[in-house]
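Sequence and predicted structure below; questions after.
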Amino acid sequence: MNCPKCGKELLIRNEKVGETSEGEAIFNEFAICRDCKKKWNLDKQRAKRQAAKAEKEKAAQEEKKAEAEKDNISNGQAAENREKQPRDAQRREQARRNQPQKRQEQPSGEESESRYSNIPPKQVREKREQEMRDNYEHMLSQRDEDDDVEVSTSKLPLFMIIISILVILIAVLIAIFFIL
């Protein structure tokens, strides 16, 4: 079996997904791609396919029953069909309940603006951007203060020269003192 994303070979494994009430382990078969780090639950996919297949078969059976009822009506068995109609209405009602409901449209305006889970609202973004700007300005002002300190450190070599001259003079005085 090959990966649908990258086309490489998939690794098939049985993994524990839970336990029954009696403490027995429940295992599912997983296909794992090592290259794109994707994992597919094969048992779940099989269950979905079987459910879709069963649903199609039910729909086909209901169509056959509907055709048979039409034939019965044309044959003059309308009285029997009247008794079946409440059952059919119950089946239709139950099928309507089982179908997923459509989402209600959002009212127009700011609420209808598309939203993404990883992008915060505009107010939050603006607040964070302002904080970032302030911090950046603060960082630049700190750097300017450091530059002023460097200017004062340029006087350091002059100070070092003066100290070294004094040390030499002291050394000469000590040498003269010991020689005399």
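It's in.

Using CSV, write out every CA atom in the helix or strand where I162 lies.
Applying DSSP states H and E as the criterion places I162 in helix 156-179. Extracted in CSV, the C-alpha atoms of helix 156-179 (Å, rounded to 0.1, in the frame of the first residue of the first chain):
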residue,chain,number,x,y,z
LEU,A,156,40.2,55.7,27.5
PRO,A,157,43.4,55.4,25.4
LEU,A,158,44.5,58.9,26.4
PHE,A,159,43.9,58.0,30.1
MET,A,160,46.0,54.8,29.6
ILE,A,161,48.9,56.7,28.0
ILE,A,162,48.9,59.1,31.0
ILE,A,163,49.0,56.3,33.5
SER,A,164,51.8,54.5,31.6
ILE,A,165,53.9,57.7,31.6
LEU,A,166,53.4,58.0,35.4
VAL,A,167,54.4,54.4,35.9
ILE,A,168,57.6,55.0,33.9
LEU,A,169,58.4,58.1,35.8
ILE,A,170,57.9,56.3,39.1
ALA,A,171,60.1,53.4,37.9
VAL,A,172,62.8,55.9,36.9
LEU,A,173,62.6,57.7,40.3
ILE,A,174,62.9,54.3,42.1
ALA,A,175,65.9,53.4,40.0
ILE,A,176,67.6,56.7,40.7
PHE,A,177,67.0,56.3,44.4
PHE,A,178,68.6,52.9,44.5
ILE,A,179,71.6,53.9,42.4
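
Any idea how far it is from the middle of the chain?
On the basis of C-alpha atoms, centre = their mean, to the nearest Å, helix 156-179 sits 72 Å off its chain's mean C-alpha point.

May I ask which helix or strand of the chain has the lowest mean pLDDT?
Lowest mean confidence among the helices and strands of the chain (mean pLDDT, DSSP states H and E): helix 78-98, at a mean of 69.

What about N41, how many residues nearby?
Neighbour count of N41, defined by other C-beta atoms under 10 Å: 14. From N, CA and C alone the C-beta is placed, and that goes for glycine too.

how about the helix holding I162: buried residues?
Buried residues in helix 156-179, counting neighbours by 16 or more other C-beta atoms under 10 Å, are absent.
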